[in-house]
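**Q** model the structure of this input:
(one chain, ligands or ions: 1)
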Amino acid sequence: MTVHNYDPALIAVQVDNDEKAFADLRQRHFKARAKMSLENEQLRGSFLGATDFLQAKRRAVFPDTDELEQLRDRGEAIRQQSLAQLPDLLETLEKNLTANGIQVHWAETAEQACAQVHSILAMNNARTVVKGKSMVSEEIELNHYLEKQGIECLESDMGEYLVQLAKEMPSHIIMPAIHKTTAQIARLMHTRAERSDGQSVSYTEDVDELIGNARAILRDKFASADAGISGVNMAIANTGTLCLVENEGNGRMSTTAPPIHIAITGIEKVVADLADVPDLLSLLTRSATGQNISTYFNMISSPRRGGELDGPEQVHLVLVDNGRSRMFNHPQLKPTLQCIRCGACMNHCPVYARIGGHAYGSTYPGPIGQVVTPQMQGLDKQGELVSACTLNGACGDACPVRIPLPKLIRELRHEANSTAPASELDIPGKGSQRHLGEALIWKGWALAHQYGPLYRSITWVLTRGRKLLPHHLGAWTATRTLPVPAKYSLHDLARGAGIGEQPANRRLNEGEA
Ligand code: SF4
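**A** Numbers count the residues shown, from 1 in each chain. Okay, here's the model as predicted:
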């Protein structure tokens, strides 16, 4: 069904306005971004609806709690064992990939990773690229880099394609365009998608037609692209195999149709053996989209071999560090690297559900983004993110590989306010979120709770002078009412009721009992 009830004069303006709104949001600080997102009712509705839907789907595929917990135990163990042997596994992976004919490249920083990809493309005179979904390529801003070098880089995952057309960034790691309504997508496709004959696509709000239009455009690109770029969900060290999980078939097309395939991934994605894959795959697809299995599961073990009819002539793997070694060496923050990028933590986070992905201003939003981004970009640049958490624990409960996300967020808050001497394990920007006034208040709070007479004096003053206390305390009272202390403290009431201090020997005997 094609819908024609739209205003052609307005439609381009609306798409441009959406783009300007996103550009405006990006320039602001985290708190301003969160406030703008909270004031956007359509956005809040989209995120609340989507996260409720995804939570329900996840619940439906994990009907047996015991089975879920056993699977989580195994997933956690696999990820922890993989990290425990990470340096050895990476060496084994490189050896076996090389033996299979896959060329391995190492990149310490985001810039090096972009340069490695560009150099492979330049050596092969590749000017056009189709991309499967890859969060690491978003993390290193690969599209932007390649465009500056004059290389056309087209996203082929439907969500990523829409986000690219809109000149935005993903708002969810599994569903990048989760923030867009069908009407917004229809306008975007009509004004910005271009068919191979140069014509624009017809306006429609029919989802099947929209997907059909994108498919027709992308099919031509797969056939003509000089290279394909993809992510990697798991790299198997003992066999030299790259695994790719996807639902749209675009991953398979990007990795098989063009003559060159460049896979790009973080160094933490390696596992030892094929036997590690089924549990992680089951946890990933069930936690991410509520599917028992994804539509496609690709295993890439070599370039095209003699006698084979299809497949790329060259396969490359770029292994990206970009701060992961520092996470690996940090005893408290190392579990960050267990992540399998399923997105369940953001689907269960009440803060993410209300402010949406763009408010975080980073490739990885939600709880895992709050943990990963400050470690990659520094607490001085992204330290505010760790405050966007109520510590309700829902993310940790949902995480399929049991990453203790609330604990990691607390650790990062500690690092952000730390005055400890510098060490080589430090996250960049350590101590940058410390404010003297706030630090003094907490110091006073701690002292008051350590010394009984001081505590009693303060409560005496607060209860007796309660009517004189200020009603407005800046941001603390912007959205909540300051509680007024009771007329008498609990100690006063206990004493008034004749309940006195217990003798020391009685307390001791009760403690022993
Ligand atoms: S932290 Fe856990 S829940 Fe969040 S994306 Fe990673 S694996 Fe999934």
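
**Q** okay, now the domains of this structure?
**A** When the chain is parsed with the TED database, its domains come out as 71-324, 436-497.

**Q** quick one: average pLDDT of the longest one?
**A** Which is domain 71-324. Across domain 71-324, pLDDT averages out at 96.

**Q** what about stretch 403-419 and the ligand, touching?
**A** Yes. Counting by C-beta under 6 Å from any ligand atom, contacts between stretch 403-419 and the ligand involve 403, 405. All C-beta atoms are positioned from the backbone trio N, CA, C, and that covers glycine.

**Q** deepest in the core, which of the domains of the chain is it.
**A** Stretch with highest mean neighbour count among the domains of the chain: domain 71-324 (a mean of 19; mean count of other C-beta atoms under 10 Å).

**Q** columns distance to the ligand on top of the domains of the chain, output as a markdown table?
**A** Shown next, in a markdown table, are those (distance: least, C-beta to the nearest ligand atom, whole Å):
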| stretch | distance to the ligand |
| --- | --- |
| domain 71-324 | 6 |
| domain 436-497 | 28 |
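
**Q** out of these, nearest to Asp16?
**A** Checking the domains of the chain against Asp16 by C-beta to C-beta gives domain 71-324 as the closest, at 8.6 Å.

**Q** work out the gap between that closest one and the centre of the chain.
**A** Relative to the centre of its chain, domain 71-324 is centred 16 Å away, using C-alpha atoms, centre = their mean, to the nearest Å.

**Q** name the element the residue nearest to Met234 when sequence neighbours are not counted belongs to?
**A** Nearest non-adjacent residue to Met234, counting by C-beta to C-beta, 6 or more residues apart in numbering: Cys243, 4.3 Å away. Element membership for Cys243 (DSSP states H and E) is strand 241-246.

**Q** show me what contacts Pro367?
**A** 345-346, 349, 352, 389, 395, 405, 409 (C-beta atoms under 8 Å, 6 or more residues apart in numbering).

**Q** and the residue nearest in space to the middle of the chain, how far from Leu38?
**A** Central residue of the chain (C-alpha atoms, centre = their mean): Tyr364, 2.9 Å from the mean position. Note on Tyr364: its distance to Leu38, by C-beta to C-beta, to the nearest Å, is 21 Å.

**Q** now Ala235
**A** Ala235 sits 40 Å away from Leu38, taking C-beta to C-beta as the criterion.

**Q** check Lys407 too.
**A** For Lys407 relative to Leu38 (C-beta to C-beta), the value is 27 Å.

**Q** please apply the same query to Lys180.
**A** Note on Lys180: its distance to Leu38, by C-beta to C-beta, is 18 Å.

**Q** most surrounded residue in the contacts of Pro367?
**A** Neighbour counts for the contacts of Pro367, by other C-beta atoms under 10 Å, peak at Met346, which reaches 31 neighbours.

**Q** pop out the phi and psi values for it.
**A** Met346 adopts backbone torsions of phi -70, psi -30, taken as degrees, to the nearest 10.

**Q** residues contacting Asp220?
**A** Ser196.

**Q** which SSE is it in?
**A** If you go by DSSP H and E, Asp220 is part of helix 207-224.

**Q** list the helices and strands the helix or strand following that helix packs on?
**A** Sequence-wise, the next helix or strand downstream of helix 207-224 (DSSP H and E) is strand 227-230. Contacts defined by 3 or more C-beta pairs under 8 Å, 6 or more residues apart in numbering; DSSP states H and E place strand 227-230 against helix 110-123, strand 128-131, helix 250-256, strand 260-266.

**Q** all strands for the stretch 301-450 of the chain, in order.
**A** 314-320 (DSSP state E, counting those that start in this stretch).

**Q** those helices in it, which residues are they?
**A** Secondary structure of the stretch 301-450 of the chain (DSSP state H, counting those that start in this stretch): helices at 324-329, 344-347, 350-355, 366-377, 379-382, 394-398, 405-416, 436-450.

**Q** circling back to that earlier point, nearest to Thr98, out of the helices and strands packed on strand 227-230?
**A** Nearest to Thr98, of all the helices and strands packed on strand 227-230, is strand 260-266, at 14.1 Å by C-beta to C-beta.

**Q** helices and strands around that closest one, which ones?
**A** helix 110-123, helix 135-139, strand 227-230, strand 241-246, helix 250-256, strand 314-320.

**Q** between the helices of the stretch 301-450 of the chain, which gets the lowest average pLDDT?
**A** Per-stretch mean pLDDT for the helices of the stretch 301-450 of the chain is lowest at helix 436-450 (a mean of 91).

**Q** format the CA atom coordinates belonging to that one as CSV.
**A** C-alpha atoms of helix 436-450 as CSV (Å, rounded to 0.1, in the frame of the first residue of the first chain):
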residue,chain,number,x,y,z
LEU,A,436,35.7,20.8,46.0
GLY,A,437,32.4,21.9,47.6
GLU,A,438,30.8,18.5,47.0
ALA,A,439,33.9,16.7,48.3
LEU,A,440,33.8,18.8,51.5
ILE,A,441,30.1,18.0,52.0
TRP,A,442,30.8,14.2,51.8
LYS,A,443,33.9,14.5,54.0
GLY,A,444,31.6,16.2,56.6
TRP,A,445,29.0,13.5,56.2
ALA,A,446,31.6,10.8,56.8
LEU,A,447,33.0,12.5,59.9
ALA,A,448,29.5,13.0,61.4
HIS,A,449,28.8,9.3,61.0
GLN,A,450,32.1,8.4,62.6
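
**Q** now the element after it, going C-ward?
**A** In N-to-C order, the element after helix 436-450 by DSSP H and E is helix 452-464.

**Q** let me know the secondary structure of Pro63.
**A** coil (DSSP: H, G, I helix; E, B strand; the rest coil).

**Q** that one: how many residues sit nearby?
**A** 8.

**Q** list the contacts of Val401.
**A** With contact taken as C-beta under 8 Å, 6+ apart, Val401 is in contact with 72, 75-76, 78-79, 280, 283, 338-340.

**Q** and with 6 Å instead?
**A** 75-76, 79, 338, 340 (C-beta atoms under 6 Å, 6 or more residues apart in numbering).

**Q** dihedrals phi and psi, Asn417?
**A** Phi and psi for Asn417, reported as degrees, to the nearest 10, are phi -110, psi 10.

**Q** can you check the one 10 residues further on too?
**A** When quoted as degrees, to the nearest 10, the phi and psi of Ile427 stand at phi -80, psi 140.

**Q** distance of it relative to the ligand?
**A** 18 Å (C-beta to the nearest ligand atom, to the nearest Å).

**Q** one more: Pro8?
**A** Taken as C-beta to the nearest ligand atom, the span from Pro8 to the ligand is 41 Å.

**Q** count of neighbours near that residue?
**A** 10.

**Q** list the buried residues in the host helix or strand of Arg44.
**A** In the assignment (DSSP H and E), Arg44 maps to helix 41-61. Neighbour-count burial for helix 41-61 flags 43-44, 46-47, 50-51, 54-55, 57-58 (criterion: 16 or more other C-beta atoms under 10 Å).

**Q** for it, which helices and strands make contact with it?
**A** Packing contacts for helix 41-61, counted by 3 or more C-beta pairs under 6 Å, 6 or more residues apart in numbering; DSSP states H and E, involve helix 344-347, helix 350-355.

**Q** how about 7 Å then?
**A** helix 277-289, helix 344-347, helix 350-355 (3 or more C-beta pairs under 7 Å, 6 or more residues apart in numbering; DSSP states H and E).
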